[in-house]
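J.: quick one, what's the 3D model for this:
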Amino acid sequence: MSGIALAVIGGTGLYKLAALRDVETLQPTTRFGAPSGPIRLGTLDGHRVAFLARHGEGHSLPPHKINYRANLAALQSLGAQRVLALNTVGGIGERFGPCVLACPDQLIDYTWGRVSTICEDEGSEVLHVDFGEPYTRALRQDVIAAAAKAGVDLVAEGCYGATQGPRLETRAEIARMRRDGCDLVGMTGMPEAGLARELGLDYACLAIVANWAAGAGPDPDEVITLQDVLDNVAVASAGLPALLAALLDRSGRG
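T.: Take a look at the predicted model:
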């Protein structure tokens, strides 16, 4: 199957793309097992787009239990080459408060125990991929340009720190991440980005800031609730359809 202009992976609070039309439901299997759930394949402004909910459409999969390899391999098997990851995150840096959208250019991996490579099976090729620039530059530039065209405010940089989860971080952990240079904190940025590079996929992250990370906001005693997260994701993602339409226009494929 070919002709998919873009694959979108949705994070917490983003379990479907309402703008998709003529939706077909696919349930592919891969050599790594089954993906998180069905892939919804449809059209958006005349372009074919595939959507997959990273945590499952009922949010049944915690970050460390997601089969990241199967998710990416399933999208690739359908003909996708460009993957836009939507990640719900906490803000650490001053410019990354709730409801901000960001397109990070760097990341730090604090996760552990996850299958982080496709080089697991005996006899498989050992890949030492270049990962100095973890997100595909051309796709990032297209996302940034699409946001500008769509009139969507976007912070066009930042460092994403990937933590293990599913619990949120302590204030001390966030303080350490700030010292390390992290602007954003999430639980699903890795190994997804690294696996995409091994599979040869173009990959970029659109981070949706749902809350201040522990101790990072103006109220050090703020308690983060799931409802607050979901409410802020809804506000921050209001411009997502327009941004995606502009991104697809730039892709020139469909």
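J.: C-alpha only now, for contacts and for neighbours.
T.: Fine.
J.: for the protein, give me the ranges with low pLDDT.
T.: 1-2, 252-254 (pLDDT under 70).
J.: residue 247 versus the residue nearest the centre of it, what's the distance?
T.: By CA atoms, centre = their mean, the chain has its centre lying nearest to residue 85, at 2.7 Å. Using CA to CA, to the nearest Å, we find residue 85 at a distance of 13 Å from residue 247.
J.: sec struct for residue 160, please.
T.: Under the three-state scheme (DSSP: H, G, I helix; E, B strand; the rest coil), residue 160 adopts strand.
J.: in the stretch 1-150 of the chain, what residue spans correspond to strands?
T.: Listed in chain order, the strands of the stretch 1-150 of the chain (DSSP state E, counting those that start in this stretch) span 4-10, 21-26, 39-44, 47-53, 82-91, 101-102, 106-109.
J.: thinking again about what came up before, quick check, the residue nearest to the centre of the chain in contact with residue 8.
T.: Yes. Here residue 85 reaches residue 8: they are 5.9 Å apart, a contact under CA atoms under 8 Å.
J.: measure stretch 3-19 end to end?
T.: First-to-last residue span, stretch 3-19, CA to CA: 19 Å.
J.: er, stretch 145-159 actually
T.: Start-to-end, stretch 145-159 (CA to CA) is 19 Å.
J.: what's next to the lengthiest helix in the chain, contact-wise?
T.: Under DSSP state H, the helix in the chain containing the largest number of residues is helix 137-150. Contact partners of helix 137-150, identified using CA atoms under 8 Å, 6 or more residues apart in numbering, comprise 82, 103, 105, 153-154, 156, 202-205, 239, 242-244, 246-247, 250.
J.: got a ChimeraX select line for the buried ones in these?
T.: In ChimeraX, this line selects whichever of the contacts of helix 137-150 come out buried by 16 or more other CA atoms under 10 Å:
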select :82,103,105,154,156,202,203,204,205,239,242,243,244,246,247
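J.: quick one: which of the contacts of helix 137-150 sit in helices?
T.: Using DSSP H, those in helices are 242, 243, 244, 246, 247, 250.
J.: and the residue located most distally from the centre of the chain, what does it touch?
T.: Centroid-distance maximum for the chain: residue 123 at 30.6 Å, with CA atoms, centre = their mean. For residue 123, no contacting residues are found, by CA under 8 Å, 6+ apart.
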